[in-house]
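J.: The amino acid sequence is not available; the structure is as follows:
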């Protein structure tokens, strides 16, 4: 009986130690995961500086997420996403359907570059959609399943991208314009969860639409106030990506 109590006591100590370890290191685990698998999704440089997430409440913050430009564009980063606030349902972390109450991205900065009928943002979306279609397997020729064998899916009840800005052009001639807020509710809920690539594709389509609107609106304002040269440059940037998606149609709405 005494030996049994000792064994149970040791198991209890080990269980507590495991919980403490996960609690203290969950942020490092998330950071390592993003830095490992993120570049395979975007096919660009992608780094996360740090993460702090509580395994008990599911609330945390990601800091310093930077996405590099796709091949064929400048060496500048495509986006710096500032602070990302997360609120995850803790119990869902143990299954293959992770439920996120909210994602709030504060003060992201996008560097927008265009070439006639393409843009760096559109190319990033193409990379993500390639990953979505399975054209580029995740690791060693195999997709990454959850522990139970099924692909991990996500649903996001509330997504917000706030106080963003867009830098159009490079160097001293660059113009910075505010980016309208992006609000998406119940992302992946009706589908019973979607993959991270699908979620990223939906969000990036929204980002492209807002960038087009922001650059076109800023160009119009500049024309009214006499900034003809800068306005013409921004107007061409907006028209270029509109043409890429087919005559200025909403990129978030795909043709059947």
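T.: Thanks, I have it. None of these values were measured; they are calculated from a predicted model.

J.: quick one: contacts for residue 100?
T.: Counting by C-beta atoms under 8 Å, 6 or more residues apart in numbering, residue 100 makes contact with 86-89, 154-157. Placement of C-beta: from N, CA and C, glycine included.

J.: the helices in the protein, which residues?
T.: Listed in chain order, the helices of the chain (DSSP state H) span 2-42, 120-132, 196-224, 228-244.

J.: quick one: low-confidence parts of the stretch 101-250 of the chain?
T.: Low-confidence segments of the stretch 101-250 of the chain (pLDDT under 70): 132-150, 170, 217-250.

J.: again, 50 this time
T.: 134-148, 221-223, 225-231, 240-250 (pLDDT under 50).

J.: Determine the number of other residues adjacent to residue 160.
T.: Neighbourhood size, residue 160 [other C-beta atoms under 10 Å]: 15.

J.: Measure how buried the nearest residue to it once chain neighbours are set aside is and give me the count.
T.: Spatial nearest neighbour of residue 160, excluding adjacent residues (C-beta to C-beta, 6 or more residues apart in numbering): residue 104 at 4.7 Å. Look at residue 104: counted by other C-beta under 10 Å, it has 15 neighbours.

J.: try residue 173
T.: 10.

J.: what would the contacts of residue 100 look like in a markdown table with neighbour count and distance to residue 39?
T.: As requested, those are exported to a markdown table (neighbours: other C-beta atoms under 10 Å; distance: C-beta to C-beta, whole Å):
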| residue | neighbour count | distance to residue 39 |
| --- | --- | --- |
| 86 | 19 | 20 |
| 87 | 17 | 26 |
| 88 | 22 | 23 |
| 89 | 15 | 27 |
| 154 | 19 | 19 |
| 155 | 21 | 24 |
| 156 | 25 | 22 |
| 157 | 17 | 28 |
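
J.: which residues pair with residue 63 across the strands?
T.: With DSSP bridges as the criterion, residue 63 is bridged to residue 50, residue 83.

J.: That one touches residue 51, doesn't it?
T.: Yes: here residue 63 lies in contact with residue 51, judged by C-beta atoms under 8 Å, at a distance of 7.1 Å.

J.: neighbour-wise, which of these two wins?
T.: Between residue 63 and residue 51, counted using other C-beta under 10 Å, the more crowded position is residue 51 (22 against 15).

J.: Which residues are in contact with the more buried one?
T.: When contacts are counted by C-beta under 8 Å, 6+ apart, residue 51 touches 26-28, 30-31, 34, 60-63.

J.: how about a cut-off of 6 Å?
T.: Going by C-beta atoms under 6 Å, 6 or more residues apart in numbering, residue 51 touches 27, 30-31, 62.
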